[in-house]
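Visitor: fold the following, please.
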Amino acid sequence: MTTARARARAELTLEIKESARRQIAEEGASALSLRAVARELGMVSSALYRYFPSRDALLTALIVDAFDAVGEVAEQAERDTPARRGFVARWVALGSAVRGWAVARPHDYALIYGSPVPGYAAPADTVDPAARVSLVALRVVADGLAAGDVDPGGERPMPRATHCELTRLRDGVGLPIPDEVLARTLLAWSAVLGGISYELFGHLHEIVADHEAYFGHQLQRTALLVARPTPP
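Guide: Below you'll find the predicted structure:
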C-alpha cells in the first residue's frame, strides 16, 4: 500500500521534472539549473537535492523518461500493426508514430536526439531505455525477413571492424538478421531519425510546406532500402 509520504514524494518528483522541462524548453538543456527549478517551485535548494542530488541526476531522469515515452509509442505502433500487414506497412507505421511523438514533444526529442549537453555523460542506466525504439525497428525487420518481405541480399564486402560491430549488435539483440540486412536497416533508420531532425530543427524551412506528406514519402523510400524489390 502506497503511503501518503510516498505519494507526496512522487507528486513532487513529477513537479520537479515538469519545471525542468519548462526550463529546457525556454533556455536549452545546457542551462538547466537546480536552483532555478527550486525557485520556481518555492523550495529551498537543499530540499530539492533530496530528490535529485545533482543537475546530471535530474537530466538523466528526464532523458530516461523521454526514451521510455518514445519507446512506448514505438511499441504500441508495433502492436497495432501486426506482421500480416507486411514489412513496409509496419515500417511506415513505426516511423510515423515516432515522428508524431517528436512533433508533439519537440524539446524531449531534442534532449535525446539533438546536440549533446556539454559536460554531461550519460550513465549506464540510460542504455536500455535508449535502445527501445531501435529494437522495435529491428524486430520489424526480423519479422519481415522471416515472412520474405525483406531482401536478404548477398553478403557484400565490408570492413572487418564493421562486421565485428554488427556481429556484436546481432548477438546483443538476439535477432537472426544478416550483416547486409543489419547494415541497410541502420542506414534506413538513421534516415528516418534524420528526416525528423531536419523537420524539427528547421532545416526544411521554405523547402517543404506539408511536412507530414513529405515525411510519409521519405518513409516509403527508406523502407525500400530494406524491403524485397516488388516485381514490375
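Visitor: for the lowest-mean-pLDDT helix or strand in the chain, packing partners?
Guide: Every helix and strand of the chain was ranked by mean pLDDT, DSSP states H and E. The lowest is helix 45-48, at a mean of 88. Where contact means 3 or more Cβ pairs under 8 Å, 6 or more residues apart in numbering; DSSP states H and E, helix 45-48 is packed against helix 34-41. (Glycine included, C-beta is placed from N, CA and C.)
Visitor: residue contacts, Tyr214?
Guide: Residues near Tyr214 by Cβ atoms under 8 Å, 6 or more residues apart in numbering: 204, 208.
Visitor: flag every buried residue along stretch 63-83.
Guide: By neighbour count on 16 or more other Cβ atoms under 10 Å, the buried set for stretch 63-83 is 63-67, 69-71, 73-75, 77-78, 81, 83.
Visitor: which ones among those residues lie within helices?
Guide: Counting by DSSP state H, the buried residues of stretch 63-83 place 63-67, 69-71, 73-75, 77-78 in helices.
Visitor: closest to Ala161 among these?
Guide: Distance to Ala161, by Cβ to Cβ, is smallest for Phe67 among those, at 27.2 Å.
Visitor: what's the closest non-adjacent residue to the closest one?
Guide: Of all residues not flanking Phe67 in the chain, Pro129 sits nearest, at 3.6 Å (Cβ to Cβ, 6 or more residues apart in numbering).
Visitor: wait, Phe87 sits on Arg139?
Guide: No: assessed by Cβ atoms under 8 Å, Phe87 is found out of contact with Arg139, at 11.2 Å.
Visitor: so those two - more neighbours on which side?
Guide: Between Phe87 and Arg139, counted using other Cβ atoms under 10 Å, the more crowded position is Phe87 (22 against 19).
Visitor: list the contacts for the more buried one?
Guide: 140-141, 143-144, 147, 149-150, 223, 226-227.
Visitor: for the helix or strand hosting Ala130, name the packing helices and strands.
Guide: Assessed by DSSP states H and E, Ala130 sits inside helix 127-147. Applying 3+ Cβ pairs under 8 Å, 6+ apart, one finds that helix 127-147 makes contact with helix 55-80, helix 87-104, helix 179-200.
Visitor: distance to Tyr120 and mean pLDDT added to the ones you listed, as TSV?
Guide: Below are the helices and strands packed on helix 127-147 laid out as TSV (distance: least, Cβ to Cβ, whole Å; pLDDT from 0 to 100):
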stretch	distance to Tyr120	mean pLDDT
helix 55-80	6	97
helix 87-104	21	98
helix 179-200	19	97
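Visitor: just say which of the ones you listed is most tucked in.
Guide: Ranked by mean neighbour count under mean count of other Cβ atoms under 10 Å, the helices and strands packed on helix 127-147 are led by helix 87-104, which reaches a mean of 21.
Visitor: before I go, just wanted to say thanks for your time.
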